[in-house]
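Colleague: missing the sequence, but the structure's below:
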């Protein structure tokens with residue numbers, strides 16, 4: 001898997017910030033006084049725990065930004081599963097350069113592998129259900145494109161990237177219109193009148209009365225927020241009967257323990273904010289090779 005041009009641009013901006021906060025205006029005091037300027041070396045990025053790989057292209061750009069002469073060799077493909085002790089990549093070049101880039105590169109890879117690993121665990125729970133796993137906009141500011149890239153590496157699917165590439169009418173939009181079924185119908189009609197079929201239109205509902213109004217309004221998707229499996233089954237049955245082209249998405253408090261039961265209701269999509277806001281960074285180190 002490769003970074004898109006937009007993702008590459010986001011990566012480069014983050015790398016500049018990350019290196020600036022690590023090096024300040026002076027640089028690496030330790031390496032500059034301990035290591036000969038021309039000393040060469042080789043090291044490997046090693047997983048301390050099992051997981052799913054994401055972020056090697058980012059690490060490579062970190063090393064190349066520090067020193068274009070550094071050689072970076074990926075040893076596994078993005079999205080690959082690995083065990084504890086697995087070598088993920090090898091870097092060769094000036095030792096000062098390798099050590100300047102080390103922590104910044106590892107910080108990126110650890111965070112992205114953590115997201116990919118958690119995503120893969122959720123995807124595994126959905127095996128043979130037909131439901132797809134989606135991320136959300138609950139991302140680290142500035143990191144959204146990278147974190148959504150990591151979700152794809154873990155086997156998940158990206159929801160809208162931002163406010164600019166899809167209509168999602170949420171509870172506060174409906175509240176501002178007066179709430180209730182009439183607000184659902186009004187909001188969907190306004191969105192359809194402005195955008196027709198140019199962008200997907202989704203509306204969030206949190207009770208079955210709103211859901212019925214949404215079915216009649218005809219959005220592309222209906223997001224069923226914090227509903228029980230029984231409510232989700234009812235909604236799926238009604239959708240199949242009245243508007244089979246509308247896709248149904250479940251969201252709200254989804255966990256590894258509950259996602260299989262949610263998928264068993266026949267819902268098309270399940271969105272999980274925890275993929276990005278609660279993923280724990282995976283422990284990855286860089287070991288010197290003599």
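Modeller: Here it is on my side, so go on. The structure displayed is predicted, hence computed values, not measured ones.

Colleague: burial check on residue 69, number of neighbours?
Modeller: For residue 69, the count of nearby residues is 11 (other Cβ atoms under 10 Å). C-beta: built from backbone N, CA, C; applies to glycine.

Colleague: could you do residue 70 as well?
Modeller: With other Cβ under 10 Å as criterion, residue 70 counts 19.

Colleague: just residue 250 next, same as before
Modeller: Residue 250, neighbours per other Cβ under 10 Å, totals 28.

Colleague: any idea how far residue 160 is from it?
Modeller: 17 Å (Cβ to Cβ, to the nearest Å).

Colleague: for residue 128, same thing?
Modeller: Residue 128 is 27 Å from residue 160, by Cβ to Cβ.

Colleague: repeat that for residue 213.
Modeller: Between residue 213 and residue 160 the computed distance is 23 Å (Cβ to Cβ).

Colleague: list the contacts for the spatially closest residue to residue 220 that is not a sequence neighbour?
Modeller: Excluding the flanking residues, the one nearest residue 220 by Cβ to Cβ, 6 or more residues apart in numbering is residue 200, at 4.6 Å. By Cβ atoms under 8 Å, 6 or more residues apart in numbering, residue 200 lies in contact with 160, 166-167, 220-221.

Colleague: pLDDT score for the residue of the chain most remote from its centre?
Modeller: Using Cα atoms, centre = their mean, the residue of the chain lying farthest from its centre is residue 36. It sits 40.9 Å away. With respect to pLDDT, residue 36 scores 95.

Colleague: and it, which of the three is it?
Modeller: coil (DSSP: H, G, I helix; E, B strand; the rest coil).

Colleague: and it, what is it in contact with?
Modeller: Counting by Cβ under 8 Å, 6+ apart, residue 36 makes contact with nothing.

Colleague: how near is it to residue 23?
Modeller: 20 Å.

Colleague: just the helices in the stretch 1-150 of the chain please.
Modeller: 5-23, 29-34, 56-66, 95-125, 144-153 (DSSP state H, counting those that start in this stretch).

Colleague: tell me which of those helices approaches residue 228 most closely.
Modeller: helix 95-125 (18.2 Å; Cβ to Cβ).

Colleague: what angle separates the closest one from helix 5-23?
Modeller: Here the directions of helix 95-125 and helix 5-23 differ by 130 degrees (axes from the mean of the first three to the mean of the last three Cα atoms, to 10 degrees).

Colleague: what bridges to residue 45?
Modeller: Beta bridges link residue 45 to residue 89, residue 286, judged by DSSP bridges.

Colleague: helix, strand, or coil at residue 209?
Modeller: helix.

Colleague: ok, residue 106 - contacts?
Modeller: Applying Cβ under 8 Å, 6+ apart, we find residue 106 in contact with 45, 59, 284-286.

Colleague: from the chain's centroid, how far away is the helix or strand containing residue 239?
Modeller: Using DSSP states H and E, residue 239 sits within helix 229-242. Here the centre of helix 229-242 is set off from its chain's centre by 29 Å, with Cα atoms, centre = their mean, to the nearest Å.

Colleague: next, the buried residues of it.
Modeller: Using 16 or more other Cβ atoms under 10 Å as the test for burial, helix 229-242 gives 231-232, 235-236, 239.

Colleague: looking at those, which is nearest residue 41?
Modeller: Relative to residue 41, the closest of these is residue 232; by Cβ to Cβ it sits at 55.9 Å.

Colleague: quick one: that closest one from residue 138, how far?
Modeller: The gap separating residue 232 from residue 138 is 21 Å, by Cβ to Cβ.

Colleague: got it, and residue 78?
Modeller: For residue 78, the distance to residue 138 (Cβ to Cβ) stands at 23 Å.

Colleague: tell me which two of the contacts of residue 200 sit farthest apart.
Modeller: Largest pairwise distance in the contacts of residue 200, by Cβ to Cβ, is 11.9 Å, between 160 and 220.

Colleague: re the thing from before, so for residue 78 and residue 138, which residue has more residues nearby?
Modeller: More crowded of residue 78 and residue 138, by other Cβ under 10 Å: residue 78, with 20 against 15.

Colleague: count the neighbours of the nearest residue to that one once chain neighbours are set aside for me.
Modeller: Of all residues not flanking residue 78 in the chain, residue 1 sits nearest, at 4.1 Å (Cβ to Cβ, 6+ apart). Using other Cβ under 10 Å, residue 1 has 13 neighbouring residues.
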